[in-house]
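> Task: produce atomic coordinates for the following.
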Amino acid sequence: GVQTCALPIFIDGSATHRVIKCVKGESRETIIEDVELRNGFNAQFGGGMYIKNSRPLLKNCVFTANETPFNGGGIYIASNSNPKLIRCQFAHNKSTATRTEGFLGGGAICVDASNPVIDRCAFTNNQALMGGALGIVNGGSDRETVVTSSTFSSNLGITLGGAVYVESSPLLMTDVTMTL
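The predicted structure is shown next:
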């Protein structure tokens, strides 16, 4: 018979590089599954992953200890992107900014002018100036972030939004649990 062996797969940014980019219009056929993205770093946006003008599907992924001084320690989602995240975990991701002008946040995920679907995900011990786990900005009537059946625990928003910070953006949350 056929034998299979499930090995843990991880991509480590060594605290010097972003781990993955989807910036060329990747479709839902782009599937990233069962991968840990860890120790990613970018000096601007998205320490672990940067998604721009794309719609990838992320399933069972783990984002650990990714960092940026600006927005989206784990993932930065921008420019009308529509990714779908299913059963992903976000732990110990950070946006390390300390200045207060402009938006600086989304320790795990920053959503900027996009409409992601986040389903059955867990956010634990993420940190940012605003929106310890999730920061959502620059939305519009056609850019709604949807979060379902997810948990937020022990996230820190230093000035605003311990778990979630939303500015001028529609957000639909269903069956979500938040704890300190």
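
> In contact with the nearest residue to Val111 once chain neighbours are set aside, which residues?
Excluding its sequence neighbours, the residue lying closest to Val111 (CB to CB, 6 or more residues apart in numbering) is Ile136, at 4.4 Å. The C-beta positions use only the backbone N, C-alpha and C, and glycine is treated the same way. By CB atoms under 8 Å, 6 or more residues apart in numbering, the residues touching Ile136 are 106, 110-111, 145, 164-167, 169, 171.

> Kindly list the main-chain dihedrals of Ala78?
Backbone torsions for Ala78, taken as degrees, to the nearest 10, come to phi -140, psi 160.

> give me the number of residues near Val19?
Close neighbours of Val19, defined as other CB atoms under 10 Å, add up to 26.

> go on, Val111?
Val111, neighbours per other CB under 10 Å, totals 30.

> Tell me the secondary structure at the closest residue to Gly131 other than its chain neighbours.
Leaving aside its sequence neighbours, Gly131 sits nearest to Tyr165 (CB to CB, 6+ apart; 3.2 Å). Recorded secondary structure, Tyr165: strand (DSSP: H, G, I helix; E, B strand; the rest coil).

> My guess is Tyr165 contacts Thr159. True?
No - Tyr165 is not in contact with Thr159 according to CB atoms under 8 Å; the separation is 9.0 Å.

> These two: who's more crowded?
Shown here are Tyr165 and Thr159; by other CB under 10 Å, Tyr165 has more neighbours (24 against 13).

> Mind telling me what element the nearest residue to Arg99 once chain neighbours are set aside is part of?
In space, and not counting its chain neighbours, Arg99 is closest to Leu129: 8.0 Å by CB to CB, 6+ apart. Following DSSP states H and E, the helix or strand that holds Leu129 is strand 127-130.

> buried stuff in that strand?
Buried residues in strand 127-130, defined by neighbour count with 16 or more other CB atoms under 10 Å: 127-130.

> Would you quantify the distance from the most centrally placed residue in the chain to Cys88?
Nearest to the mean C-alpha position of the chain, by CA atoms, centre = their mean, lies Ile109 at 2.7 Å. Distance of Ile109 to Cys88, computed by CB to CB, to the nearest Å: 9 Å.
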